[in-house]
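Engineer: give me the fold of what follows.
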Amino acid sequence: MPTFRRFAAGIGTLSLRPFDLDQDVPTLHSWVTQPYAQYWGLLTATIDDVRTEYERIERTGYHQAFLGTHDGRPAFLMERYQPEHDPVGGVYQPAVGDIGMHVLVAPPERRVPGFTGAVFETILDYLFSDPLVDRVVVEPDVRNTKIQELNQRMGFRKHSIVTLPDKQAWLSFCTREQYADATRMNEAG
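Structural biologist: Now for the predicted structure:
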């Protein structure tokens, strides 16, 4: 049963549901071990390594993983976390209403124009559907220019380059208002 569902014109139905360790680990392993997912840090991971990592995430109580589907087929992963309990909380002062987010889109079976943008909008619509969320925090690797461009298109503003345990990252923020403005601009072309 989906936690959140959104129809995107020209794309189809995108849904989020809690990550299921038994069902989803093999699928996620097949994604994170592909060269395009290098910034996920699991290129050489075994299925057991992926299971161990997502068991750890599940146990934290402040970090949750969700599998995203496109018309019922696995298509992306989203993680949300409370920054004050994460290493990123040590490089800036988390505010009440902040939520952290990670996203990984599956390798495409076929290219669908606008798909990644629709995934991002689904995730941000979901996060901002919580009235307690005022701002989304991301920290992509400084070398990952593709995600930085997408973040900017969705309303994120770069704050500073920070050092985290596993990377140099662009700390970036998107408020509810910045996201609303960006989606209006994206729709206008």
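Engineer: now the helices for the chain?
Structural biologist: For the chain, applying DSSP state H gives helices covering 21-32, 47-60, 115-128, 145-153, 176-188.
Engineer: what about the third one, distance to the chain center?
Structural biologist: It refers to helix 115-128. Distance of helix 115-128 from the chain centroid (CA atoms, centre = their mean, to the nearest Å) equals 9 Å.
Engineer: who are the packing partners of it?
Structural biologist: Helices and strands touching helix 115-128, by 3 or more CB pairs under 8 Å, 6 or more residues apart in numbering; DSSP states H and E, are strand 4-8, strand 12-18, strand 63-70, strand 73-81, strand 98-105, strand 135-138, helix 145-153, helix 176-188. For the C-beta atoms, the positions are set from N, CA and C on the backbone; glycine is no exception.
Engineer: in stretch 26-43, what's buried?
Structural biologist: 27, 28, 29, 31, 32, 33, 37, 39, 40, 42 (16 or more other CB atoms under 10 Å).
Engineer: next one: stretch 47-60
Structural biologist: 50, 51, 53, 54, 57.
Engineer: now pLDDT and distance to residue 90 too, for these, in a markdown table please.
Structural biologist: What follows is the buried residues of stretch 47-60, written out as a markdown table (pLDDT from 0 to 100; distance: CB to CB, whole Å):
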| residue | pLDDT | distance to residue 90 |
| --- | --- | --- |
| 50 | 97 | 26 |
| 51 | 97 | 27 |
| 53 | 96 | 20 |
| 54 | 97 | 23 |
| 57 | 96 | 18 |
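Engineer: JSON lines for the helices and strands packed on helix 115-128, including mean pLDDT?
Structural biologist: Output for the helices and strands packed on helix 115-128, formatted as JSON lines (pLDDT from 0 to 100):
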{"stretch": "strand 4-8", "mean pLDDT": "96"}
{"stretch": "strand 12-18", "mean pLDDT": "97"}
{"stretch": "strand 63-70", "mean pLDDT": "97"}
{"stretch": "strand 73-81", "mean pLDDT": "98"}
{"stretch": "strand 98-105", "mean pLDDT": "97"}
{"stretch": "strand 135-138", "mean pLDDT": "98"}
{"stretch": "helix 145-153", "mean pLDDT": "95"}
{"stretch": "helix 176-188", "mean pLDDT": "84"}
